[in-house]
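Asks: Quick one, what's the 3D model for this:
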Amino acid sequence: MSWAGPEDIFLSTSLASYLDKKLLVLLRDGRKLLGVLRSFDQFANVVLEGACERVIVGDLYSDIPLGLYVIRGENVVLIGELDLEREEIPAHMICVSVAEIRRVSTIAQKAERDATDLKGSMRKRMEFLDLD
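Replies: Just a heads-up that it's a prediction; the model follows:
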């Protein structure tokens, strides 16, 4: 049986290279958080300082400030470092207020629910065709 050496321990803590850097964290529920990584553990629980949630609806976006934010590791899908030299947002995107993005987001969610309901009702209407 071989024991882990110091070089193996560093490989298992790959988040260490992201400490004190600005990151994008994609969560399981689809939210996108931005912030500076201050701490983490073996379960990928992370602490972001100066965190904000970036909400994007079409060509509109808004950053909702969250402050110091603790994220449970099981909710993390992806963690990536942001390049501070590059522009974060494409030129065609328009920054709007938090209230405006919430209003637009609510409308978009309702439209998506309506489309899903319509799709379900269309399936029920077509059941008599028995396409199998």
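Asks: Leu15 is in contact with Ile79, correct?
Replies: Yes: using C-beta atoms under 8 Å, Ile79 makes contact with Leu15 at a distance of 7.1 Å. Just so you know, the C-beta spots here come from the backbone N, C-alpha and C atoms, and that holds for glycine as well.
Asks: what residues are shared contacts of those two?
Replies: Residues within reach of Ile79 and of Leu15 at once, by C-beta atoms under 8 Å, 6 or more residues apart in numbering, are Ala44, Val46.
Asks: any weak-confidence spans in this structure?
Replies: Within the chain, the segments meeting pLDDT under 70 span 1-13, 87, 128-132.
Asks: All the strands of it, in order from the start?
Replies: 22-27, 32-40, 46-57, 60-71, 76-81, 94-95 (DSSP state E).
Asks: Now do the same contact list for Phe43.
Replies: Arg72, Gly73, Glu74.
Asks: got it, and Val76?
Replies: Applying C-beta under 8 Å, 6+ apart, the residues near Val76 are Val25, Leu26, Leu27, Arg28, Ala44, Val46.
Asks: that older thread, right, and the strands of the chain - which one's nearest Lys110?
Replies: Ranking the strands of the chain by proximity to Lys110 (C-beta to C-beta) places strand 46-57 first, at 12.3 Å.
Asks: Tell me what angle that closest one forms with strand 22-27.
Replies: 70 degrees (axes from the mean of the first three to the mean of the last three C-alpha atoms, to 10 degrees).
Asks: How far off centre is strand 46-57?
Replies: 8 Å (C-alpha atoms, centre = their mean, to the nearest Å).
Asks: Which other helices and strands does that strand contact?
Replies: strand 22-27, strand 32-40, strand 60-71, helix 98-126 (3 or more C-beta pairs under 8 Å, 6 or more residues apart in numbering; DSSP states H and E).
Asks: For PyMOL, write the select line for the buried members of the contacts of Val76.
Replies: In PyMOL syntax, the buried subset of those is picked out as below (16 or more other C-beta atoms under 10 Å):
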select buried, resi 25+46
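Asks: Fine by me, thanks again.
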